[in-house]
Structures are given as structure tokens and as C-alpha cells.
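Chemist: Provided below are the primary sequence and the corresponding predicted coordinates.
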Amino acid sequence: MVDKIQPDYIKYNREQKNKFNLAVKKNFCRFLDPDNKDIPAPLGNPVVTISYIDANLMHCLVTGRSVTGILHFLNGTPIDWYTKKIATVETATYGAEFASARTCVEQLVDLQNTLRYLGVPLRETSFMFGDNESIVNSSMQPHAKLHKRHNVLSFHRVCEAIALQKYIFTHLAGENNPADILSKHWGYDQVWHMISSIFCIAKDTIMGPSRGDRDREDIAEGETG
């Protein structure tokens, strides 16, 4: 009985597989055709992703783990933030910052794919800012020397992303890095200058002029003066 059923079962599976392959080829080739008008074109102006990275060494006094802080922007608008303890215990700021940079790269890949699925046009280059100059310089030098083996994968993941010329990693002074808000304990007075610049807050109200308005006012005052 089994010998009689088995050939029919194999034949049925082969037919279903062939039908599936033909359907995949038909749909996939349709997307590869640049002249196909059925594919909707991206709408709106292109957007650029900007991310700020920071890490706080030994944030948790119980476990000794560091904390990652990442803030994502689209055209200057904050859309996502991330703060979490790093899975490994880092003994130097260098390793903690590289782990944060790797997490940022992976999140940017996911964010860009999501925007593409939604039909949002993207700029070719994304920008990342960190306040640790050592990892910024090392990420552009594949021959840089590492002292800890568990940092190798994070190092090469970030280096590969930058080598693709899809990401630009730039140093930013710590006092101007808004990701510090997510990775450290701060007082109101210490971070208000960053919060006000992010949300375009003037003095004590969110109804004040934006940064562009204030710049134009300063230029106008300088010309009249």
C-alpha cells in the first residue's frame, strides 16, 4: 500500500513545487523590470537618517554592565530612541562604545528597510555621531589593533558598514551629544540645552520660534547693526 501511494505523493509535491516556482519567477521578474508601471514610485521628498550614539561604562553597579543610548532622527525629527544594558561586561569605554555603534548600525538597517517598504525615498548616506573619537577613527581603519577578542565582531560590523559608503561616522563633542540623555543620569540644568535644541524649544515654551527662525533673526540683526 505504501509503495502505491508514495509515487503519487512525490508527483503531487513536484507539481506543487513547479507551480510555486513559476509564480515566484513571474512576480519577481515583474519587480525587476524598470519600465513596469504597476510598481508605485516613492512619494515625497527624500529623507536622511541621523543617529547619535553613546555608552556609559559600568552604569549598573550590581552587575558592572554598561548602558547603550541611541537616538534616531529623520530630517531632524526624533522618531526612535533606544537605551538598554549591554549583554557583556565591558572593562573599557572603547568596547562599550563599539558595542553601541554595532547596535546602531543594525537598527539603521532595519529602519531603512521599513521606510523602503512604506515607499519613503531615502538618501543614499546615513550619518552617525559619537562622542568617542577613538572608535570613530578606528572604524575607518580596518588594520586597527584590538586588544580584546570579543570586540572583533562589533569592530568589523561597523567597519564594513562604513566601507560600503552608506554610513558616515563622525565625532561629536560629548556636551553636544543628545544620546547622553539616554545613557546617563542627568539633572534638568545639565541637559536642557540639548533638549531645547532637539525640540526647537525657546526659553520655557514649545511655542517659540524654531532654530531656523532664530538664525534668520540673528542674521537680520547683524545686517541692520
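Modeler: That came through, no problem.

Chemist: spit out the contact partners of the spatially most central residue of the chain.
Modeler: With distances taken as Cα atoms, centre = their mean, L108 lies nearest the centre of the chain, 2.7 Å away. L108 sits next to T49, S51, H72, S126, M128, Y167 when contact means Cβ atoms under 8 Å, 6 or more residues apart in numbering. C-beta: built from backbone N, CA, C; applies to glycine.

Chemist: okay, now the domains of the protein?
Modeler: Domain assignment for the chain by automatic domain parsing gives 1-39, 49-185.

Chemist: deepest-packed of those, please.
Modeler: domain 49-185 (a mean of 17; mean count of other Cβ atoms under 10 Å).

Chemist: so where do the strands sit in the protein?
Modeler: 49-56, 67-74, 77-85, 126-130, 167-171 (DSSP state E).

Chemist: of the domains of the chain, which shows the lowest average pLDDT?
Modeler: Confidence, taken as mean pLDDT, is least for domain 1-39 of these (a mean of 61).

Chemist: show me the helices in this structure, by range?
Modeler: Listed in chain order, the helices of the chain (DSSP state H) span 2-32, 93-117, 133-138, 152-163, 180-183, 188-198, 211-224.

Chemist: still on that earlier bit, make a markdown table from the strands of the chain and add distance to W192 to it.
Modeler: Formatted as a markdown table, these follow (distance: least, Cβ to Cβ, whole Å):
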| stretch | distance to W192 |
| --- | --- |
| strand 49-56 | 17 |
| strand 67-74 | 16 |
| strand 77-85 | 16 |
| strand 126-130 | 20 |
| strand 167-171 | 23 |
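
Chemist: select, out of these, the one closest to K184.
Modeler: strand 49-56 (5.0 Å; Cβ to Cβ).

Chemist: for L122, give its distance to H193.
Modeler: 30 Å (Cβ to Cβ, to the nearest Å).

Chemist: swap in T170?
Modeler: 20 Å.

Chemist: what does S139 give?
Modeler: Distance from S139 to H193, by Cβ to Cβ: 28 Å.

Chemist: what of E133?
Modeler: Counting by Cβ to Cβ, the gap from E133 to H193 is 21 Å.

Chemist: ok, now T77?
Modeler: According to Cβ to Cβ, T77 and H193 sit 19 Å apart.

Chemist: coming back round to it: looking at the strands of the chain, which is closest to H185?
Modeler: strand 49-56 (8.8 Å).

Chemist: that closest one to strand 126-130, inter-axis angle?
Modeler: 20 degrees (axes from the mean of the first three to the mean of the last three Cα atoms, to 10 degrees).
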